[in-house]
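**Student:** Sequence and predicted structure are below.
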Amino acid sequence: SLHIPWTGGYYPAGLSYEESNILIRENPELFKEKVQDSLRRHASSINKHTEKGTYFFDYGNAFLLESSRAGAAVMAENNIDFKYPSYVQDILGPMCFDYGFGPFRWVCASGNAEDLDWAINNLTLESELLANEKGRVTKGAALALKSRVALFEGTWSKYHLGGTGAPEYFSESIEAAEALISSDEYGLFTDMGTTESYRNLFIESGVNSKENILGRRYNANLNVSHNTTRWVLTSFNSPTKNLVDLYVCTDGIPIEISPLFEGYDLMDSEFVNRDPRLSQTVFIPGTTFTNIGSDETIIPLIGGGNNGPTKSGYRPYKFVSDNLDSQLGRSFYDFLEYRYGEVLLNLAEALYEKNGNISDADLNRTINLLRDRVGLAHLTNTLVATNNLEMLKEIRRERTVELAYEGFRLNDLRRWKQAENLLP
């Protein structure tokens, strides 16, 4: 992938795979020069073909972007646009996006709750799968989906539609979550202690963990891999200050009022005495990380570029593997589409939204199990009252930090009717 051209996303002509990987480690500047030489050759060949009538498009824009940076002749006459279209712009746009059908509508929901209930009643349990069947949709996956969908519909109704049907939706979400929890088929991944379990859940150590309800599977024997580790390390995925500030201190109190917050005087001050999930989601400045065989001290630089600089001053750590193959673009760990941690959060939120309150007992079997995983102080009604906090806001905070980088934030803000307040 040319989104990350200098760490193996694009291999230059004239070098083998092994020679290229050695050059990446030992002389990255020379590797960059060779990549750009190849890009210029590549673009020149394309130009010659198109002059003879060949139709060319870039899948996205990364090839054209990096070719232009290398000085290749790929710009339009206005020297602003590229001379070639992208696949999304030229083909998928008119054919699919404009009319609401096509590859991005492969998965279709009927809108009939009975279909989901039928799946729940007829799918097999996780424990009944054979070893080679891991990754199949199970009863647990259908229950997790119902808890998610019903919570979405309930909050959407409550905050957008005047509340019509909201209590019923919250009840359905609660019922589905309770059924999944009581099945005893799943649990939280805690195998690596409070300082490592959360981060490792999302990489190789977490594959086939009890928390995985439904994972997108990859297979080294079939050469089915993904590129998540290298993607996350690019500057395109910079965490925001808003996210970092949401992590409470180790006393469970927000940084705005906690006496444990160390402020921002030093590069790493704000990371001291914080929810341990923060240091497992965002690199602490000064951390030494072994990347493609070389020790790298993480000192985030604000700016552009593919690797190293960051647009916010923070660099992401969650989903980043320590495995060399993953760092070179061949990752085989699962992506968790549904996990037990989310179901616990769904239950806590649905209980509060339905009843207007949540007991400490219910907090202890939902949110506080997630906090126990990392050794963080419990969320309690006393803590909320003593510190003049709002329970619903704290439940939403917990959801945001626990599910950071997992694709929930935009839809959460939309269903809470907070997008217009919190998005720039």
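**Tutor:** Sure, I can see it.
**Student:** what about S183, how many neighbours?
**Tutor:** The local packing count at S183 equals 14, with neighbours defined by other CB atoms under 10 Å. C-beta here means a position set from N, CA and C on the backbone, and glycine is covered the same way.
**Student:** Could you do I46 as well?
**Tutor:** For I46, the neighbour count with other CB under 10 Å is 21.
**Student:** count of neighbours near the residue lying closest to it once chain neighbours are set aside?
**Tutor:** Excluding its sequence neighbours, the residue lying closest to I46 (CB to CB, 6 or more residues apart in numbering) is F56, at 5.4 Å. The number of residues packed near F56 is 11, by other CB under 10 Å.
**Student:** Next: E420.
**Tutor:** Number of residues near E420 (other CB under 10 Å) recorded here: 8.
**Student:** Ok, N221 next?
**Tutor:** N221 has 6 neighbours, counted by other CB under 10 Å.
**Student:** Please name the residues that touch it.
**Tutor:** N221 makes no contacts at all, as judged by CB atoms under 8 Å, 6 or more residues apart in numbering.
**Student:** for it, helix, strand, or coil?
**Tutor:** What DSSP: H, G, I helix; E, B strand; the rest coil gives for N221 is coil.
**Student:** Next, the nearest residue to N381 once chain neighbours are set aside: phi, psi?
**Tutor:** If the residues on either side of it in the chain are set aside, N381 comes closest to D360, at 5.8 Å by CB to CB, 6+ apart. Main-chain dihedrals, D360, degrees, to the nearest 10: phi -60, psi -30.
**Student:** How confident was the prediction at D360?
**Tutor:** Listed pLDDT for D360 reads 98.
**Student:** so which strand or helix has the spatially closest residue to L143 that is not a sequence neighbour?
**Tutor:** Sequence neighbours aside, L180 is the residue nearest to L143 in space, at 4.2 Å (criterion: CB to CB, 6+ apart). Following DSSP states H and E, one finds L180 within helix 166-182.
**Student:** Next SSE downstream of that helix?
**Tutor:** Defined by DSSP H and E, the subsequent element after helix 166-182 is helix 197-201.
**Student:** can you list the weak-confidence ranges in the stretch 151-300 of the chain?
**Tutor:** Along the stretch 151-300 of the chain, segments meeting pLDDT under 70 span 235.
**Student:** So which bits of stretch 263-270 are buried?
**Tutor:** Using 16 or more other CB atoms under 10 Å as the test for burial, stretch 263-270 gives E270.
**Student:** hey, C-alpha coordinates of that stretch in PDB?
**Tutor:** Once non-C-alpha atoms are left out, stretch 263-270 reads as follows in PDB (Å, rounded to 0.1, in the frame of the first residue of the first chain):
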ATOM      1  CA  GLY A 263      -0.900  18.900  34.000                       C
ATOM      2  CA  TYR A 264       0.900  19.500  30.700                       C
ATOM      3  CA  ASP A 265       4.200  21.100  31.800                       C
ATOM      4  CA  LEU A 266       6.300  18.200  30.500                       C
ATOM      5  CA  MET A 267       5.900  16.100  27.400                       C
ATOM      6  CA  ASP A 268       4.700  13.100  29.400                       C
ATOM      7  CA  SER A 269       3.100  14.800  32.400                       C
ATOM      8  CA  GLU A 270      -0.500  14.300  31.300                       C
END
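**Student:** which residues touch it?
**Tutor:** Stretch 263-270 has contacts (CB under 8 Å, 6+ apart) with V244, I255, F261, E262, I284, P285, G286, I299.
**Student:** ok, now which ones touch the third one?
**Tutor:** What it means is F261. F261 is in contact with C249, I255, E270, N273, counting by CB under 8 Å, 6+ apart.
**Student:** Give the buried residues for the longest helix along the chain.
**Tutor:** Longest helix of the chain, by residue count under DSSP state H: helix 28-51. Buried residues in helix 28-51, counted by 16+ other CB under 10 Å: F31, K32, K34, V35, Q36, S38, L39, R40, H42, A43, I46, N47.
**Student:** of the residues you listed, closest to I80?
**Tutor:** Set against I80, the nearest of the buried residues of helix 28-51 by CB to CB is A43 (17.5 Å).
**Student:** follow-up on the earlier one: where's the residue nearest to N381 relative to T297, distance?
**Tutor:** 43 Å (CB to CB, to the nearest Å).
**Student:** And the two? Which one has more around it.
**Tutor:** The residue with more neighbours, out of D360 and T297, is D360; 13 against 9, by other CB under 10 Å.
**Student:** Am I right that L370 sits in a helix?
**Tutor:** Yes. L370: assigned to a helix according to three-state DSSP.
**Student:** My read is that it contacts G341, right?
**Tutor:** Yes. Judged on CB atoms under 8 Å, L370 makes contact with G341 at a distance of 5.9 Å.
**Student:** Ignoring the adjacent residues along the chain, who's closest to T195?
**Tutor:** P276 (6.2 Å).
**Student:** And the one you found, how far from V374?
**Tutor:** Taking CB to CB, one finds P276 at 4 Å from V374.
**Student:** got it, and G252?
**Tutor:** To V374, G252 is 12 Å away according to CB to CB.
**Student:** again with Q36
**Tutor:** Counting by CB to CB, the gap from Q36 to V374 is 43 Å.
**Student:** Can you tell me the SS state at E353?
**Tutor:** Classification of E353 using three-state DSSP returns helix.
**Student:** How about the contacts made by it?
**Tutor:** So E353 contacts L151, G154, T155, K158, A166, F170, L392 (CB under 8 Å, 6+ apart).
**Student:** What pLDDT is listed against it?
**Tutor:** Taking E353 on its own, its pLDDT is 98.
**Student:** what pLDDT does the nearest residue to L328 once chain neighbours are set aside get?
**Tutor:** Take L328 and drop its neighbours on the chain: the residue closest to it by CB to CB, 6+ apart is G8, 4.8 Å away. Here, the pLDDT recorded for G8 equals 81.
**Student:** G8 reaches R230, doesn't it?
**Tutor:** Yes. Look at G8 against R230 with CB under 8 Å: they come within range, at 7.5 Å.
**Student:** Show me which of those two is the more surrounded one.
**Tutor:** Comparing G8 with R230 by other CB under 10 Å, the one with more neighbours is R230, at 26 against 21.
**Student:** Please list all residues in contact with G162.
**Tutor:** If a contact means CB under 8 Å, 6+ apart, then G162 has no contacts.
**Student:** so who does P259 touch?
**Tutor:** P259 sits in contact with D251, where contact means CB under 8 Å, 6+ apart.
**Student:** All good on my end, thank you.
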